[in-house]
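Colleague: Structure of the sequence below:
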Amino acid sequence: MSVQEATRELSEVEPRRRTPRGSWVVVFREEVVELWVGGRAINLLILYSLLLGLMTFLLATNSELNLIPPKEMAFLTLQNAIFFGVFIGMIIGADGISGERERGTLEVLLLTPTSRRQLLFGKLLSALTPWPAAFLISIPTLIVVSQGNAVLGQSLWLGAVLGSVLALAFAGFGLLVSTWCNSNKTSMFVSLSAWLLMFLLTQLPGEVQKGDFGYFVQRINPMQASSEFLEKVLVNNRTISEKAPFLRSSVIAVVVVIGLLFLVAAPRLRLVAGRAHRARARWGSLAGMTLAVMLLVGMGTALGAPLHQQGSSDLALSIEKTALTVKAGDEIQFESLIENNGTQDSPPVILAMNIINLKGDVVDPEDWSPQRTQKVPPIAASDALRHDWTIDAILKGDYLVYIVAIPRPEGASSTSQPVASNGLHLTIGAFTRLNPEGVLPVVIFVPLGVTLCLLLVVRLRLRRLARDEPSPAPSAPA
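Modeller: Numbers count the residues shown, from 1 in each chain. Below you'll find the predicted structure:
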C-alpha cells in the first residue's frame, strides 16, 4: 500500500471518530423518554402535588385562625414550590451517572460516539425538565391564595426566574455527586444531606437568624438567600435592586457547580468512580478553595451595619395621625412634619421610622416598611418639611409607630440630640377572606389531574411496548 493510499484511508476513518455535534440531543431525548414515559418523573410530581395540596389546605385553615395576609400566603406557597421543585431535579440528577454504573449501562454510554461533556449536558437538561412541570402545578395554588392581590404577577415571574436558577444549581450538584459515586445509595445520601442541611437552615427561628452570623448564613446558603429575597420583595415591598445581594450565592452556586461538572468531572468520567490519592488531594484543595471563596463573599455581604450617632438641633417632629384601625395585609400611608424652630439653618437630618409591639414582642421594622429612613437636607430657620411614609400591616395586634430625627453632628468629637415624634397607634385586626372550602377544589383536582396524566402515560407506554413486541414466527408445515 502506498503512502498516499494510507493517508487517504486515515482521512476517511478520522471523521468517524469525531464526536457528532448534536449527540447531546440524542442523550437528552432518550433520558426524557425514560424519565417521563417510564413514569419516574410523574410519580415524583404526584407526591409533590399531594404535599402542595396539603400545605395549601393547612394555610387556609391557619389563615382562618391566625389570619395570614395574602402576600404572606403567596410567599409561603412559592417558597415551598421552589424548594420541592428543585429537590425533584436534584434527585434525578443524583441518579444520572451512579445509577448507570449500578445498573451496568454506563459502559454502553461511554462506548457511544459521544463526548463526556455532551453526555453530562444531555443528562443535566433532562434533570431540569421536572421543574417547569412542578411550577405549572403550583400556579393554581398561587392564584387561590393570592386572592386577587397584585402580588400574584410578581410571584409568578420571580418564582420562574429564581426557581430556574436554583433548579440548575441543584440538578447540577446532584449530577456532580453522581459522577463521584459508584453506589446510587451514596449519591442519594450525599445529595439529600446537602439539601436537608440547607433546608433546615431556612426553618430556624427569626431570633437565631439575626446578628452577624445569622446574616452570614442567610447570604451564603442559596435556599435561605432566595427565601429572604422573596420575602422582602413580595411581603415587605422592598425593591429588587435593594435586595439583589441576596442572589449572589445562587449565582455563585450555579457557576461553581457547572464549572466543576463540565471542566473537572466530565473529562474524568469513567466506569469506576474515584481517583488516585494525588487526584483526591487536588479535589480536596479545589473544594476547600471553593468553600473559602463562598465564605469570603458571604462574609463580605453579611458583615457591616451602619451605626447612627446622636445629634442636636432645635427641631420639632410630629405625625399627622394619632390612631388607625386596619386589617392585616392593608397598606397604611401617613405623613410626618419636621419643623426648625431655631434661628439658624439646621444640619442635614436623617429620619428613621420604628415600630413597637405594645405587648413587648420583638418587631422587625424591615418587614413592615420598604423605606425606613429618609435623608433631609438642611432646613431653613422657621421652615417645615413633610415626608410620606408607607407601612404594610403584617400581623394583627397593637403597635406604636414613631419617627426619630437624627441631625448630623458637626464633627467626630461632637454630638447632638435626636428628636422623637408622637406615636401613631395602629390597631391591626384579622384578615378573614380565605376559607378552607375555597381551596378544596385546588387541593383535590390538581393531584387528581397529575394522577390521570400518569395513567395516560402508562397506557401509552403499554401500547408502545405491544407495538414494538415482535410477532411470533409462523410454524413450519408438517
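Colleague: quick one: the helices in the stretch 101-250 of the chain?
Modeller: If DSSP state H, counting those that start in this stretch is used as the criterion, the helices of the stretch 101-250 of the chain fall at 106-111, 116-128, 130-146, 151-180, 184-202, 211-220, 222-230, 240-243, 248-259.
Colleague: Of all the ones you listed, which one is nearest Glu100?
Modeller: helix 106-111 (3.9 Å; Cβ to Cβ). Just so you know, the C-beta spots here come from the backbone N, C-alpha and C atoms, and that holds for glycine as well.
Colleague: For the closest one, buried residues please.
Modeller: Of the residues in helix 106-111, Leu106, Leu109 count as buried by neighbour count, 16 or more other Cβ atoms under 10 Å.
Colleague: Packing partners of it?
Modeller: In terms of contacts (3 or more Cβ pairs under 8 Å, 6 or more residues apart in numbering; DSSP states H and E), helix 106-111 is packed against helix 116-128.
Colleague: For the helix it packs on, output the C-alpha coordinates as CSV.
Modeller: Extracted C-alpha coordinates of helix 116-128, given in CSV (Å, rounded to 0.1, in the frame of the first residue of the first chain):
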residue,chain,number,x,y,z
ARG,A,116,-18.2,13.1,28.1
ARG,A,117,-19.4,16.7,28.2
GLN,A,118,-22.2,16.2,25.8
LEU,A,119,-23.3,13.1,27.8
LEU,A,120,-23.5,15.1,31.0
PHE,A,121,-25.1,18.0,29.2
GLY,A,122,-27.9,15.9,27.9
LYS,A,123,-28.5,14.3,31.4
LEU,A,124,-28.4,17.8,33.0
LEU,A,125,-31.1,19.1,30.7
SER,A,126,-33.3,16.0,31.3
ALA,A,127,-33.0,16.5,35.0
LEU,A,128,-34.2,20.1,34.6
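Colleague: Quick check: which ranges of the stretch 101-250 of the chain have low pLDDT?
Modeller: By pLDDT under 70, the weakly predicted segments of the stretch 101-250 of the chain are 204-215, 217.
Colleague: I'd assumed Ile258 was in contact with Gly172.
Modeller: Yes - between Gly172 and Ile258 there is a contact at 5.6 Å, judged by Cβ atoms under 8 Å.
Colleague: For the stretch 301-450 of the chain, which segments count as helices?
Modeller: Ranges of helices within the stretch 301-450 of the chain are 436-468, based on DSSP H, counting those that start in this stretch.
Colleague: residue ranges for the strands of it, please.
Modeller: Using DSSP state E, counting those that start in this stretch, the strands found in the stretch 301-450 of the chain span residues 315-319, 323-327, 331-340, 349-357, 373-376, 384-392, 397-407, 419-420, 424-429.
Colleague: List the buried residues for the first one?
Modeller: Put plainly, it is strand 315-319. Leu315, Leu317, Ile319.
Colleague: now those in JSON lines, with pLDDT and distance to Pro69?
Modeller: Converted to JSON lines, the buried residues of strand 315-319 look like this (pLDDT from 0 to 100; distance: Cβ to Cβ, whole Å):
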{"residue": "Leu315", "pLDDT": "86", "distance to Pro69": "36"}
{"residue": "Leu317", "pLDDT": "87", "distance to Pro69": "30"}
{"residue": "Ile319", "pLDDT": "87", "distance to Pro69": "24"}
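Colleague: Looking at those residues, which is nearest Leu109?
Modeller: Of those, the one sitting nearest to Leu109 (Cβ to Cβ) turns out to be Ile319, at 69.5 Å.
Colleague: Return the residues in contact with the closest one.
Modeller: Phe334, Glu335, Ser336, Leu337, Val401, Tyr402, Ile403, Ser421, Asn422, Gly423, Leu424 (Cβ atoms under 8 Å, 6 or more residues apart in numbering).
Colleague: could I get those residues as JSON lines with neighbour count?
Modeller: Output for these, formatted as JSON lines (neighbours: other Cβ atoms under 10 Å):
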{"residue": "Phe334", "neighbour count": "17"}
{"residue": "Glu335", "neighbour count": "12"}
{"residue": "Ser336", "neighbour count": "22"}
{"residue": "Leu337", "neighbour count": "15"}
{"residue": "Val401", "neighbour count": "23"}
{"residue": "Tyr402", "neighbour count": "17"}
{"residue": "Ile403", "neighbour count": "24"}
{"residue": "Ser421", "neighbour count": "19"}
{"residue": "Asn422", "neighbour count": "15"}
{"residue": "Gly423", "neighbour count": "17"}
{"residue": "Leu424", "neighbour count": "23"}
